[in-house]
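Q: Turn this into a model:
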Amino acid sequence: MDKIEYMQSITLTRPDDWHLHLRDGEAMQAVLPDTALRFARAIVMPNLKPPVTTVTQAAAYRQRILDALPQGMSFEPLMTLYLTDNLPAEEIERAKASSLVHAVKLYPAGATTNSDAGVTDLKKCTVTLARMEKLGVPLLVHGEVTDPAVDIFDREAVFIERVLTPLLKDFPALKIVLEHITTRNGAEFVKTSGANVAATITAHHLLLNRNAIFAGGIRPHHYCLPVLKREIHRQALVAAATSGNPKFFLGTDSAPHAKSAKEAGCGCAGCYTAHAGIELYAEAFEAAGALDKLEGFASFFGADFYGLPRNKETITLVREPWAVPTQQALLANDPLVPLRAGETIAWRLEKSK
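A: Numbers count the residues shown, from 1 in each chain. Got it, this is the predicted structure:
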């Protein structure tokens, strides 16, 4: 795509979402069309209750997703397994042979939503990690320590120092995606690591800094984990995303929670962005004067890293502001509130081919 200032429309190779929460059951049926309308494929997170820890469970979950897909929509869910302290290496062999499971997700125990079954000590996973390194199965990392003595705004940087750097020394060829990076530290780590290390970046971390959580009062729908950071970190993420470096690619981390679970005394972490899953990125890239870099970030680099073919169909965005609903369906009598609820988004999805 040629660089053109003040574009009125953008046609992109249909993008993929390399980090997505679809939930299950009624909630999944409500949110799946938002993603399928925009993205050809998505890496689907395994943090259900109970978590997806076997290829058999992943295949069943994949089928439930496909069964919920509205007629006429085309979408391919790319499945993942949930790493636990005792996930056997043999399951990695089965995952590699399955053609359905594309990665394994590391949640430090207690780090985020449904992470209670996560890893307590990576030393317990040595044999499994070695098998992943050997077979080229990517490890998708929620990069935060859970030590309560570490400030929440420092947990990504400390994780890189305490966990990720030693991990790469022990497994130098392991494919790693540091997901939803939020700091200058994360961007720099990925940039200076080998070709086997990449990162996803969300639209909300490109568009918002931590002030957004407190603008005019507590804004629970801006609360996510890893939490939004200082403006200097947001700027570093924008620079990484718009650099054209293939180590950085799109992952929405769209995370649907019912309104009652967000607007609560102890609200859930997660921003729902699938309703504008590509449009919000277009805003961020346009603000940086880098719309010509969007296609690589959204449509090419993730597929290349995962060793999958690039999509052939296209989508078109037009410069036409549209109003985001104040809420949308999720559960019976308990809707969700999407990012930018009651506000406008500058780009609108027009069509796909």
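Q: Who's the closest spatial neighbour of Cys236, skipping the chain neighbours?
A: No Cys there; residue 236 is Ala. Nearest residue to Ala236, sequence neighbours excluded (C-beta to C-beta, 6 or more residues apart in numbering): Arg184, at 3.7 Å. Heads up, the C-betas are built off the backbone N, CA and C, glycines and all.
Q: Quick check: the gap between the one you found and Ser243.
A: Using C-beta to C-beta, to the nearest Å, Arg184 is found at 13 Å from Ser243.
Q: Which one's more surrounded, the two?
A: Arg184 (19 against 16; other C-beta atoms under 10 Å).
Q: what's the more buried one in contact with, if anything?
A: Under the criterion of C-beta atoms under 8 Å, 6 or more residues apart in numbering, the contact list for Arg184 reads Ile232, His233, Ala236.
Q: Which neighbours in the sheet does the helix or strand bottoming out on mean pLDDT in the chain have, and how are they oriented?
A: One helix or strand of the chain scores below all others by mean pLDDT, DSSP states H and E: strand 344-352, with a mean of 88. Paired with strand 344-352 in the same sheet, following DSSP bridges, are strand 314-323 (antiparallel).
Q: got the contact list for the strand it pairs with?
A: Here strand 314-323 has contacts from 7-15, 38, 278-279, 282, 342-353, using C-beta under 8 Å, 6+ apart.
Q: Determine the set of other helices and strands touching the helix or strand hosting Leu78.
A: Secondary structure assignment for Leu78, by DSSP states H and E: strand 76-82. Secondary-structure packing of strand 76-82 (3 or more C-beta pairs under 8 Å, 6 or more residues apart in numbering; DSSP states H and E): strand 41-44, helix 55-68, strand 101-106.
Q: Now distance to His142, mean neighbour count and mean pLDDT too, for these, in CSV please.
A: Putting the helices and strands packed on strand 76-82 into CSV (distance: least, C-beta to C-beta, whole Å; neighbours: other C-beta atoms under 10 Å; pLDDT from 0 to 100) gives the following:
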stretch, distance to His142, mean neighbour count, mean pLDDT
strand 41-44, 13, 25, 98
helix 55-68, 18, 16, 98
strand 101-106, 6, 24, 98
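Q: any chance of those in JSON lines, with distance to Thr326 too?
A: Listed next are these as JSON lines, based on distance: least, C-beta to C-beta, whole Å:
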{"stretch": "strand 41-44", "distance to Thr326": "26"}
{"stretch": "helix 55-68", "distance to Thr326": "25"}
{"stretch": "strand 101-106", "distance to Thr326": "32"}
